Structure formats: C-alpha cells, structure tokens
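Q: I'd like to go over a predicted model; first the sequence, then the structure.
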Amino acid sequence: MGRRLSAAPSPASRRGWSFRQPSVIPGFGLTLGFTLTYFSLIILIPLIALAVRSAGLGPEGFWKAATDPRVLGALRVSFTTALFAAAVNVVFGTLIAWVLVRYRFPGRRIFDAIIDLPFALPTAVAGISLTAIYAPNGILGALFAPLGWRIAYTPTGIVIAMIFIGLPFVVRTIQPILEEVSHEVEEASATLGANRFQTVTKVILPSLMPAVLTGFALAFARAVGEYGSVIFIAGNIPFVSEIAPLLIFIRLEENNYAGAAAIAAVMLLISFVLLFAINLIQAWSRRRYGYGH
Amino acid sequence: MATKLTARRKRRVSPTSESRPVQLLLIGLALAFMAVVLVLPLYAVFHEALAKGLDVFFATFSNRDAQAAIRLTLLVAAIAVPLNVIFGLAASWAIAKFEFKGKAFLITLIDLPFSVSPVISGLVYVLLFGSGSFLGPFLKGYGIEVLFALPGIVLATIFVTFPFVARELIPLMQDQGTGDEEAALSLGANGWQTFWRVTLPNIKWGLLYGVLLCNARAMGEFGAVAVVSGKIRGQTTTMPLQVEMLYNEYNAAAAFALASLLAMLALVTLVLKTALEWRFGEELAAAKTE
C-alpha cells in the first residue's frame, strides 16, 4: 500500500498538505495501525475509565474525595518525602556522574554498571532489604537506635527508599551531558584567570543545570508514585507515614472505587504537569546550549 | 594544537582538572554513597536469605505455593514480553522509517506509562473490569475472569513494561535511517524480507537490550500486579507478591530466600546489559543517550 501511494501522489499531497511524506518503504499503515490500536487498548481506554470513574463523582463529590483530610495527609507525606529524596539524589547524583565521567580509578566500570541496580531489582525486594538494614536491629538501624533515631517505620525510612529508587534517574540524565561539555570552555575559563573552583561552579555547573533539573523532576516523579520499595519501610501510619499510592490501595480494599479513582486522578494530574515541565526544560536547554535530549 | 594541549595535560597538574587529593576525596564520597545506597541492600538480601542456613533456604523452594509463584511469574513474562516486543517493533518501524504529523506527540505518549504510579497502572484495570464497570460483568457472563486472575495480571504487567522495547528501538532505528531498507527494496526484496534480513539484523542488539529491561521489570513488578491479583495463594501470587506474603507472615527467612532469586535475576540482567553496552556500545549509543 505504501508503495502505491508513493508511485501516484495521494489526493491529500496534491492539495499541499499530507499526513505523511511519501516513502518507498512499505508497512506504514500496518505498523502505525497496530501501534495506535495496542496503545488505545492497553493505555488509553483504561486511563479513560479512570477519568470517567472520577468524573462520575461530580465536581462536588470529587472535591470532597480529593480533599479528605486523610487524602491530603497522604499526598503531603508523598510529596514532601519525594522532595527530600530528589534533593539528596541531585547532590549525590551529580557528584557520582562527575566522578564516573571525569576520573579514572579501578572498578569504575563496575560502579557505573551498579548505578542501574534500582531499575533491575524488583521493588518489593528492595523494600524488605532496606527494612532489614534500617530496622532498629538491622546493620545500620542498630547504629542509630542508641541515639534515639529511628529510621525504619518513620518518614525517614520513606526518604531512604525513595533515594534508592531515584538515584539512577539523576546519574543517567547528567552523565551523557557531562560527556558532551567541551573542554574548550574550561580551557578558555582557565586562560582567562579563573581558578578551578570558579571554572567548575561558574562555567560547568550552569551548563549542567537543565540536566540536573530534568534528573530532579524524573527522580521526584518516580518517588511520588513509588509503592513496592516504600511500604515495607514506611510504617504506614495515617497522617505520618502513609503514602498516597498506599491510600489508593486501601480505598480499593474498602470497595470505595470512586475514592481511589479521585486520588489517582490528582496524582496523575500532578505527574503530567511534571512531565510537561521536563519537556519545557529540555526544549529550553536545547535552545540555550544546543544540546540535551 | 588541541592534541598538544591534551598531551601536556597528562604530564602536569592540569588547569582543567582537580588536584589528585580533591579527586580522591570526591571519588571516596561518591563510592561511599553508592556502597551504602546500592550495594548494601543487594548484600543484605543474600545475607538475610542465608541467615538461617542452607536447609531453610532450599526448603523455601520446595514449598508448593512458592513453586506456583515462580511458574506464574515466568508465564506472565512469557506473555507480556513478546507482546511488547511486537509493539516495540511496529512502533519503531512506523516512527523511524516514516515522516508523519504528530510523530513527536506519539513518542511522548509511548513513554506515558513511566510517569504513572504502578498502583494507578493496576487501578485502571480494576475500574475497567471490576464490579460496577460495564466490561467486567459482561465478560463474566461468558465465563471470562479478568480481575484476580491471569488476564488482569498480564494486562497490568504489559502496562508497566509498555515503553521498554519501543524506547530502545526508536532512537536506534532513527539513527540508522532508511538507506539500507531502500537499497533492499530496490534490489527486489519485499517488505517482510527487508524487515527480516536487513532491519532486524541491524537492530538485534538494541532489541535484546530492550527485552532484557522489559523482562526484568515484568518479572519484578509489584505495585500494579498487587492491585489486580487479589493475592489468592498458589493461584494469583507472582514471586514478588509471594515475597510480600511471606514477609507479612513473619517468615522473613523464606521471604528473603525467594527475594534472593529475584535479586539473582536482577544481577544477571545487569551483567548482560553491561556486557551488551561494552561490546556493542557504539551501536547502542543512539538509544542510550536518549
């Protein structure tokens, strides 16, 4: 079909506007058709079901379900812990990316590979493992317990789990950009009399800012939605250490489907805003620095 | 000129690098953080799994429910991964080989599941097929159970692993362009021959890379599957759900034994993935920087 279209220009292209440019390669209709059908069945229709179910509450009912004190409490816990975790990840993620890209030391490639562990390790496994480490009788928990600092079963534990799952997002976003930063600007900065600290903080780090912000947003978005690695270590006390995804789960078990849908709709809305922000940052960085992805 | 500067940089303390003590301090900090945040949890899984001895460790795997969970996890991945591979191939073919309106938007849409919380990925199917929905009772009339059964678990798994293969292949195929395919077609190959003999060999390592990541997530998914599974012991519990169940029953040794199997899967995935990157880094580069 594709070949016939390219041999004889379609009516659309004769009018000067066409959905696609002509090509000799076949299979456009088949592959795009399959792609759109599969996307609609797996992603789009289920998401529409979510929208319909939360809209079924009516504006007033939706507002009531979304601003229920326990829901607001859970959202607050989720967003503040995710913010802390993403902030820690930005600092150490930038440091790790810097060390991995700029320095040579034994075992560098192995450490580079380990960065992706949180992508590969099932979240439930990470969850019980972190709980074992930070519980009052765990390897690290026992160090802090005598100081009266409990980590597991408190919001601190939530932050620890979110740091674990968010780290690769920051490192993997900054690494390729850091590799692209040209040595010429550093040399120029040095010849113009800047010391190394000035070059790093005033020349290199500003050009990394878009990548750092993107990494922050990605780690934050992932942490807000995270469930498996968090619930074991969280303690799950309403208003203190109960995260929003867990409350969705609880609403479902109470057979309050509309209530669950309302919380999900609020969370989705916020993550779409984040996604939009990430796209803006990247478009801006492309214009400003001529690279990025 | 540039090469001379590079040569000199290696001999003296360079103005475009840090002094060695500063370097060592930063390396030490970074590695210490990684050791605590990444390596320690991995070590703890195996430590806890073997804490009660090898007998307890192996007894976990002779348990019938644990075996059922392992079988279910393999079955779910065996259905979900191939479907997402077919989707990934179709989507990357349409996107990389053709120019059409709305392409950038389509690429953004494909990544959508990554920004949805796993719990929400499961919830949407509960809303679609659960009680009070239109589809659930309709399908039940024909004897088809979606929720708290295999189809629901498979659907939730497909949702969360949806972008993995496509997002590896799209940049890779865009980078390769359409020249090879056009040559094959002009030499008389038909569409399928072109795909099997020209395109597929060109993208095979990228495809394998995507399948690895997709499979790891499919076998390890917890949140989305927990929502739709109903956690019926021995029937709808996948390995991660079985881990949770054992853990909540204060059977930590068995939970960690089963978890260590999943951790092994993660390690094998990491090793294969890294091997692919080292061996075929150039070919995968386009996909990696995306």
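A: Okay, I see it.

Q: Residue 91 sits in which helix or strand?
A: Just so you know, I chose chain A. With secondary structure defined by DSSP states H and E, A:Val91 is part of helix A:69-102.

Q: I was after chain B.
A: Judged by DSSP H and E, B:Ala91 forms part of helix B:64-97.

Q: For that helix, buried residues please.
A: For helix B:64-97, a neighbour-count test (16 or more other CB atoms under 10 Å in any protein chain shown) marks B:66, B:68-70, B:72-73, B:76-77, B:79-81, B:83-85, B:87-97 as buried. For every residue, glycine as well, the C-beta is placed using N, CA and C.

Q: touching chain A at all, it?
A: Yes: counting by CB under 8 Å from any CB of the partner chain, chain A has neighbours in helix B:64-97: B:Ile86, B:Phe87, B:Leu89, B:Ala90, B:Ala91, B:Trp93, B:Ala94, B:Lys97.

Q: which among these gets closest to A:Thr94?
A: Relative to A:Thr94, the closest of those is B:Ala91; by CB to CB it sits at 33.1 Å.

Q: tell me the contacts of the residue nearest the centre of chain A?
A: Centroid check for chain A by CA atoms, centre = their mean gives A:Leu218 as the closest residue, at 2.8 Å. Counting by CB atoms under 8 Å, 6 or more residues apart in numbering or on different chains, A:Leu218 makes contact with A:Gly166, A:Phe169, A:Val170, A:Thr173, A:Ile278.

Q: redo that, cut-off 7 Å
A: Remark: with contacts taken as CB atoms under 7 Å, 6 or more residues apart in numbering or on different chains, A:Leu218 is in contact with A:Phe169, A:Thr173, A:Ile278.

Q: Which stretches in chain B count as strands?
A: Here chain B has no strands by DSSP state E.

Q: Okay, now the unreliable bits of it?
A: Counting by pLDDT under 70, chain B contains low-confidence residues at B:1-13, B:285-290.

Q: what residues go with each domain of it?
A: Taking automatic domain parsing as the domain assignment, the ranges for chain B are B:18-49, B:53-289.

Q: ok, now chain A?
A: Domain ranges of chain A: A:2-55, A:59-289, per automatic domain parsing.

Q: Give me whichever of the domains of chain B is most buried.
A: Ranked by mean neighbour count, the domains of chain B are led by domain B:53-289 with a mean of 19 (mean count of other CB atoms under 10 Å in any protein chain shown).

Q: going on from the strand or helix carrying A:Leu247, what's the next piece of helix or strand?
A: In the assignment (DSSP H and E), A:Leu247 maps to helix A:244-253. Downstream of helix A:244-253, the first helix or strand assigned by DSSP H and E is helix A:257-289.

Q: Show me what that next one is packed against.
A: If contacts are counted by 3 or more CB pairs under 7 Å, 6 or more residues apart in numbering or on different chains; DSSP states H and E, helix A:257-289 sits against helix A:45-55, helix A:58-66, helix A:205-225, helix A:244-253, helix B:118-129.

Q: now do 8 Å
A: Under the contact definition 3 or more CB pairs under 8 Å, 6 or more residues apart in numbering or on different chains; DSSP states H and E, helix A:257-289 sits against helix A:45-55, helix A:58-66, helix A:69-102, helix A:205-225, helix A:244-253, helix B:118-129.

Q: Out of these, which gets nearest to B:Val22?
A: Among the helices and strands packed on helix A:257-289, helix A:69-102 comes nearest to B:Val22, with 11.2 Å by CB to CB.

Q: That closest one and chain B, are they touching?
A: Yes: on the criterion CB under 8 Å from any CB, helix A:69-102 is in touch with chain B at A:Phe92, A:Leu95, A:Ile96, A:Trp98, A:Val99, A:Leu100, A:Arg102.

Q: Quick check on those: which are buried?
A: Buried by 16+ other CB under 10 Å: A:Phe92, A:Leu95, A:Ile96, A:Trp98, A:Val99, A:Leu100, out of these.

Q: can you pull the contacts of the residue lying closest to B:Gly132 once chain neighbours are set aside?
A: Closest residue in space to B:Gly132, ignoring its immediate chain neighbours: A:Tyr257 at 6.2 Å, by CB to CB, 6 or more residues apart in numbering or on different chains. Applying CB under 8 Å, 6+ apart, we find A:Tyr257 in contact with A:Arg53, A:Arg251, B:Val126, B:Leu127, B:Gly130, B:Gly132.

Q: Quick check: chain neighbours aside, which residue is closest to B:Phe100?
A: Excluding the flanking residues, the one nearest B:Phe100 by CB to CB, 6+ apart is A:Arg20, at 3.5 Å.

Q: which of the residues of helix A:69-102 next to chain B lies closest to B:Ala189?
A: Nearest to B:Ala189 among those, counting by CB to CB, is A:Leu100 at 43.6 Å.

Q: name the element the closest residue to the closest one other than its chain neighbours belongs to?
A: Counting by CB to CB, 6+ apart, A:Asp112 is the residue found nearest to A:Leu100 once chain neighbours are left out, at 5.3 Å. Following DSSP H and E, one finds A:Asp112 within helix A:108-114.

Q: taking the mean pLDDT, what do you get for that helix?
A: Here helix A:108-114 scores 95 as its mean pLDDT.

Q: roughly how far out does that helix sit from the chain middle?
A: Computed by CA atoms, centre = their mean, to the nearest Å, the separation of helix A:108-114 from the middle of its chain amounts to 22 Å.

Q: State which one residue of the stretch 51-200 of chain A is found closest to chain B.
A: A:Pro122 (2.8 Å; CB to the nearest CB).

Q: Who are the packing partners of the helix holding A:Leu247?
A: Counting contacts by 3+ CB pairs under 8 Å, 6+ apart, helix A:244-253 packs against helix A:69-102, helix A:228-234, helix A:257-289, helix B:118-129, helix B:223-229.

Q: Select from these the stretch with the lowest mean pLDDT.
A: Ranked by mean pLDDT, the helices and strands packed on helix A:244-253 end with helix A:257-289 at the bottom, a mean of 86.

Q: follow-up on the earlier one: quickly compare the domains of chain A and say which is most buried.
A: domain A:59-289 (a mean of 20).

Q: closest point of the stretch 151-293 of chain A to chain B, which residue?
A: Closest approach between the stretch 151-293 of chain A and chain B, counting by CB to the nearest CB: A:Gly225, at 2.9 Å.

Q: quick one: that residue and B:Pro118 touch, right?
A: Yes: in this structure, A:Gly225 is within contact of B:Pro118 by CB atoms under 8 Å, at 6.7 Å.

Q: joint contacts of those two?
A: Shared between the contact lists of A:Gly225 and B:Pro118 (criterion: CB under 8 Å, 6+ apart) are residues A:Pro245.

Q: quick revisit: can you check the pLDDT for the residue nearest to the centre of chain A?
A: Per-residue pLDDT puts A:Leu218 at 91.

Q: could you give the angle of the top helix by length along chain B to helix B:64-97?
A: Scanning chain B for the longest helix, with DSSP state H as the assignment, gives helix B:252-289. Helix B:252-289 runs at 10 degrees relative to helix B:64-97, counting by axes from the mean of the first three to the mean of the last three CA atoms, to 10 degrees.

Q: what distance separates helix B:252-289 from the middle of the whole chain?
A: Chain-centre distance of helix B:252-289: 9 Å, with CA atoms, centre = their mean.

Q: list the contacts for B:Glu244?
A: Applying CB under 8 Å, 6+ apart to B:Glu244 gives the contacts A:Ala124, A:Ile128, A:Phe232, B:Phe222, B:Ala226, B:Ala255.

Q: Can stretch B:270-278 be said to contact chain A?
A: Yes: looking at stretch B:270-278 against chain A by CB under 8 Å from any CB, the contacts come from B:Leu270, B:Val271, B:Lys273, B:Thr274, B:Trp278.

Q: Kind regards, and thank you for your time.
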